Structure formats: C-alpha cells, structure tokens
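Q: Give me a 3D structure for the following:
(one chain, ligands or ions: 1)
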Amino acid sequence: MSKLWGGRFTQPTDKFVEEFTASIEFDQRLWRYDIQGSKVHAAMLGRQGIIGVAEAEQISAGLDAILAEIEAGKVEFTVALEDIHMNVESRLIERIGAVGGKLHTGRSRNDQVALDIRLYLRDEIDIILGYLRALEDALLQQAEANLDIIMPGFTHLQTAQPILYSHHLLAYREMIARDISRLHDMRARFNVLPLGAGALAGTTFPIDREWVAQQLGFDGVTRNSLDSVSDRDFAIEFCSGASLLMMHLSRLAEELILWSSADFNFIELSDAFCTGSSIMPQKKNPDVPELVRGKTGRVYGNLISLLTLMKSLPLAYNKDMQEDKEPLFDTIDTVKGSLKVFAEMIAQMQVKGANMRVAAARGFSTATDVADYCVRKGLPFRQAHEVVGKTVRYCVENGKDIPDLSLEEFRAFSALIDADIYDFITLEASVNARSATGGTARAAVERELARARAQRNG
Ligand code: ARG
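A: Residues are numbered from 1 along each chain as shown. Now for the predicted structure:
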C-alpha cells in the first residue's frame with residue numbers, strides 16, 4: 001500500500017510503528033463526515049476555479065460511490081493508510097484515478113480532522129438532546145401521574161420534612177434542563193468552520209470559506225488558522241457537560257437503588273431493568289442504575305484525559321491530538337446508552353405511594369411546622385426551635401409521635417399552642433404550607449410542572 005505522503009521517504013514504515021501510529025481502528029466512525037466535508041470542499045474548489053468544475057463533479061461522484069460502498073460494508077479500511085482521511089482519499093484515487101488527487105488541494109488533514117470531529121459531535125449532540133428530552137418527558141410524566149404522593153424529604157439522608165414525590169422528581173428535571181441548555185450553549189460556540197486553516201498557516205489558494213461554512217450548516221468560520229487546527233476546547237467542553245450530566249444521573253441512580261431496597265421499599269423497577277443473582281433466588285438487583293452510577297467514573301476519566309492531553313501542547317497541531325478521539329467517542333457512547341436506558345426505566349417505574357407516606361410521617365418530619373406555628377404566634381424562631389426540640393425529646397423518651405400528643409402535652413412546652421395546632425401538622429398541611437415559588441406545595445409544584453411543560457413544548 002503506497003503512502004500518500006511517501007515522497008520524501010526511502011524506507012518503508014516499521015510495521016509496528018504503522019499500527020502504533022494509526023487511528024483508523026477508531027476514527028473510521030467519522031467516515032460519513034469526512035465524505036460530507038470533502039464533497040463540499042471539492043465543490044468549492046470547482047466554484048473558485050482552483051480545479052475544473054468537471055473535475056470537482058468527478059470527485060463528488062467518486063465520493064458518493066465510496067459512501068455507498070462503506071454503507072454496504074464493502075470497504076475494508078487499512079492500517080497502512082493510517083486514518084479515515086487517507087483511507088477515503090486513497091480509495092477515491094483508486095476509483096477515479098489521478099484527478100482524485102486534486103481533492104486535497106488547499107487543505108490539510110489538520111483542518112480536515114478538526115472539521116470532521118465538529119460535524120460528528122454536532123450530530124451526536126442533537127441525538128443526545130433528543131435522549132435528554134425523552135428523559136425529561138419521563139420525569140414530567142411520573143410527576144404528573146403521581147402529583148399527590150407524599151414522601152420524606154431528606155437532608156443528611158435523615159428524614160427532614162415531608163415533600164411531594166413529584167417535587168423530588170422535578171428537581172431532577174431542573175438538572176436535565178440545565179444539561180440541555182449547556183449542550184445548546186456549547187453547540188453554538190463550536191459551530192464554526194475550521195476548514196481553510198490548512199496545515200497551520202492558511203492556504204495559498206483563493207478558497208471561499210464562508211461558502212463552505214454555509215453549505216455545511218456552520219454559523220461562521222474560525223478566525224485564526226493556528227487555533228483552528230489546534231483547538232479541542234469543544235471536545236473538552238462536551239466531556240465537561242457530559243460529566244455534569246452523568247453526575248446528575250448518578251445521583252438519581254443512587255436514589256433509585258436505595259428506594260428499591262427492601263428497607264426503603266419506595267419504588268419497584270420494572271423486571272426489564274433488573275437482573276437476578278446466580279446464588280440468591282430472592283434477589284432482584286437494580287443493575288441498570290448501578291451501572292450508570294459506575295459509568296459516571298469513566299466519563300470523568302475521559303474529561304481528565306482530554307484536559308491532560310491538551311495541557312502545555314505547543315501550537316499548532318501535534319500528533320498527541322489524535323488521542324482526542326477515543327475519550328470523546330467513549331463519552332458520547334456512554335452518555336447515549338445511559339440516557340436511553342434511564343428514560344425508559346423512569347417511564348416504567350412503579351411508585352409505592354403508601355410506603356412513602358408512612359415513611360414521610362416518621363422521624364418527626366413536621367417538627368419544623370410546629371416551630372413555624374409558634375413563630376406565627378409571636379415567638380422568636382430561635383425560642384420556637386428550643387420548644388420543639390424539647391417536644392421531640394419528650395416524644396422520643398415516651399415513644400410518641402408529634403401528632404399523637406394531646407393539647408395538654410403540647411402546652412407543657414409552650415402556652416402559645418392551641419387546638420388548631422393539629423391543622424398544621426398533617427402531612428398535607430406541612431407540604432402545602434410551602435407555597436412560595438419553588439416550594440413543595442401542591443399548587444407550587446403544579447405551577448412548575450406547567451412551566452416545565454411549556455418550556456418543553458416551546
Ligand atoms: N489522524 C490524525 C488525527 O486524528 C489526523 C491528522 C493528522 N495530521 C498529521 N499531520 N499527521 O489527529
């Protein structure tokens with residue numbers, strides 16, 4: 001296999017070095033984008049009179065044929081041709097002859113690969129946005145279908161105050177909405193054409209970058225050739241956004257694992273998302289959330305790999321940068337898989353509202369409501385806190401719960417407490433009292449649900 005850059009060499013590449021330096025094993029997934037970019041580049045060369053229009057058409061037809069060949073699984077990529085760019089170009093020359101060699105006029109693999117990754121990542125981000133919306137939908141549906149279920153809200157994983165289960169789900173919806181917005185931000189930032197930078201300094205040919213950018217759906221062109229070929233911010237930004245997103249999924253995963261345990265018994269994950277044990281017949285393990293929790297680690301690792309890869313690299317392109325692909329690809333695959341499985345799992349999840357309610361009533365979850373009651377009767381909050389602290393201690397020592405106390409028992413701690421206290425310490429009263437924007441009151445949650453729905457559809 002003759003090398004496209006073989007001119008200045010007298011000896012063949014060492015066989016192992018050939019394999020060691022090749023990226024075709026992993027960058028072949030860019031083939032569609034490589035061809036897409038090359039077709040527009042060729043058309044531009046023709047329009048600008050840099051090559052003949054008929055030549056440009058020949059190249060374009062040749063690239064179309066290669067696209068069909070690859071789609072049909074008929075092309076065998078070879079390590080001897082190093083990467084996807086040279087595999088495609090070499091195949092083109094094989095098919096259409098010497099004119100195929102004109103495609104690389106006014107461009108370099110350095111700006112070509114920068115283009116291919118952007119085109120690819122842009123498409124993948126759009127797919128991921130679709131998955132994120134599906135997960136958002138699943139969360140919204142769960143929240144709407146279970147609007148009235150009350151569960152314990154936790155701090156330090158200790159029962160804190162009763163909340164609506166729908167409110168809890170909407171917290172995750174907020175995280176997902178931020179993940180969506182972050183992906184939109186980064187997409188807009190990197191959606192500019194790097195092609196035209198050449199190897200590093202630009203090109204001597206009268207190219208039309210703006211036309212190419214427009215054809216490929218970019219919002220503009222990059223402004224510095226050195227930066228164009230050496231910028232991988234967009235890959236790092238993506239892995240950073242992906243890390244945040246996976247961190248969110250890992251938190252939800254952790255809660256689903258806890259909630260499906262016999263001790264919590266808040267939810268039932270569908271059998272389709274669990275597996276059994278080879279030794280303990282009773283086991284139904286929440287493998288899917290566990291795996292997603294675990295996969296979060298590899299995405300963080302990919303982010304650190306990329307940051308470390310780019311650290312201190314001198315301008316402009318360096319071969320090190322070929323190592324950008326596997327962490328990026330793995331992140332994309334991991335995020336897509338995790339989101340896909342999560343959306344479905346959430347949609348099918350069964351809630352055990354009665355168990356949640358029992359748990360919400362435990363742990364003196366309405367203690368804050370008694371304190372707030374005393375405050376409304378004029379007691380400074382610090383003193384009210386003290387009064388209720390003592391009340392709780394009394395309950396603990398006497399094996400009682402706050403709502404079980406008689407009025408006399410209440411009044412032993414504060415004479416401000418009247419018979420209407422009982423209206424404030426039901427689970428519903430506690431939840432619905434928190435009605436300011438963003439609170440767990442049913443009305444507040446309904447408002448946020450409507451807002452989320454409008455945002456989702458808008
Ligand atoms: N396979 C290379 C990469 O992924 C393409 C660019 C190669 N450029 C070069 N001058 N060797 O980075």
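Q: all contacts plus neighbour counts: C-alpha atoms, from now on.
A: OK.
Q: on contacts alone, who are the packing partners of the helix or strand hosting Ala138?
A: Secondary structure assignment for Ala138, by DSSP states H and E: helix 109-145. Judged by 3 or more C-alpha pairs under 8 Å, 6 or more residues apart in numbering; DSSP states H and E, helix 109-145 is in contact with helix 31-47, helix 84-96, helix 165-190, helix 225-230, helix 325-348, helix 442-457.
Q: Can I get those helices in a markdown table including mean neighbour count, mean pLDDT and distance to Thr391?
A: Formatted as a markdown table, the helices and strands packed on helix 109-145 follow (neighbours: other C-alpha atoms under 10 Å; pLDDT from 0 to 100; distance: least, C-alpha to C-alpha, whole Å):
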| stretch | mean neighbour count | mean pLDDT | distance to Thr391 |
| --- | --- | --- | --- |
| helix 31-47 | 22 | 98 | 69 |
| helix 84-96 | 20 | 98 | 73 |
| helix 165-190 | 18 | 98 | 28 |
| helix 225-230 | 23 | 98 | 66 |
| helix 325-348 | 19 | 97 | 40 |
| helix 442-457 | 16 | 96 | 28 |
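Q: can you redo those helices as CSV with distance to the ligand?
A: Below are the helices and strands packed on helix 109-145 laid out as CSV (distance: least, C-alpha to the nearest ligand atom, whole Å):
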stretch, distance to the ligand
helix 31-47, 11
helix 84-96, 7
helix 165-190, 18
helix 225-230, 9
helix 325-348, 7
helix 442-457, 37
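Q: what about Thr159, which SS state?
A: strand (DSSP: H, G, I helix; E, B strand; the rest coil).
Q: Name the residues linked to it by a beta bridge.
A: Phe154 (DSSP bridges).
Q: and it, how many neighbours does it have?
A: 18 (other C-alpha atoms under 10 Å).
Q: what about the residue in the stretch 251-400 of the chain that the ligand sits nearest to, how many residues close to it?
A: Of all residues in the stretch 251-400 of the chain, Gln322 sits closest to the ligand, at 3.5 Å by C-alpha to the nearest ligand atom. Residues lying near Gln322 (other C-alpha under 10 Å) number 16.
Q: For it, which non-adjacent residue is closest in space?
A: Ser23 (7.2 Å; C-alpha to C-alpha, 6 or more residues apart in numbering).
Q: ok, the one you found to the ligand distance?
A: 6 Å (C-alpha to the nearest ligand atom, to the nearest Å).
Q: Would you mind measuring from the residue of the chain most remote from its centre to the ligand?
A: Most distant residue from the mean C-alpha position of the chain: Glu408, 55.3 Å away (C-alpha atoms, centre = their mean). Distance of Glu408 to the ligand, given as C-alpha to the nearest ligand atom: 78 Å.
Q: Can you say which helix or strand has that residue in it?
A: helix 407-411.
Q: mind checking how far whichever helix or strand Met151 is part of is from the chain centre?
A: In this assignment (DSSP H and E), Met151 forms part of strand 150-155. Computed by C-alpha atoms, centre = their mean, to the nearest Å, the chain-centroid distance of strand 150-155 equals 27 Å.
Q: Flag every residue of the stretch 1-150 of the chain that's near the ligand.
A: Ser23, Asp83, Arg109, Asn110, Val113 (C-alpha under 6 Å from any ligand atom).
Q: for Ala429, helix, strand, or coil?
A: Once three-state DSSP is applied, Ala429 turns out helix.
Q: how many other residues sit next to it?
A: Quick note: Ala429 (other C-alpha under 10 Å) scores 16 neighbours.
Q: my read: it touches Tyr422, true?
A: No - using C-alpha atoms under 8 Å as the test, Ala429 is too far from Tyr422 to be in contact (9.4 Å).
Q: need the contact list for the residue nearest to Asp179 when sequence neighbours are not counted.
A: Sequence neighbours aside, Leu245 is the residue nearest to Asp179 in space, at 6.0 Å (criterion: C-alpha to C-alpha, 6+ apart). Listed by C-alpha atoms under 8 Å, 6 or more residues apart in numbering, the contact set of Leu245 reads Met175, Ile176, Asp179.
Q: Okay then, goodbye and thanks.
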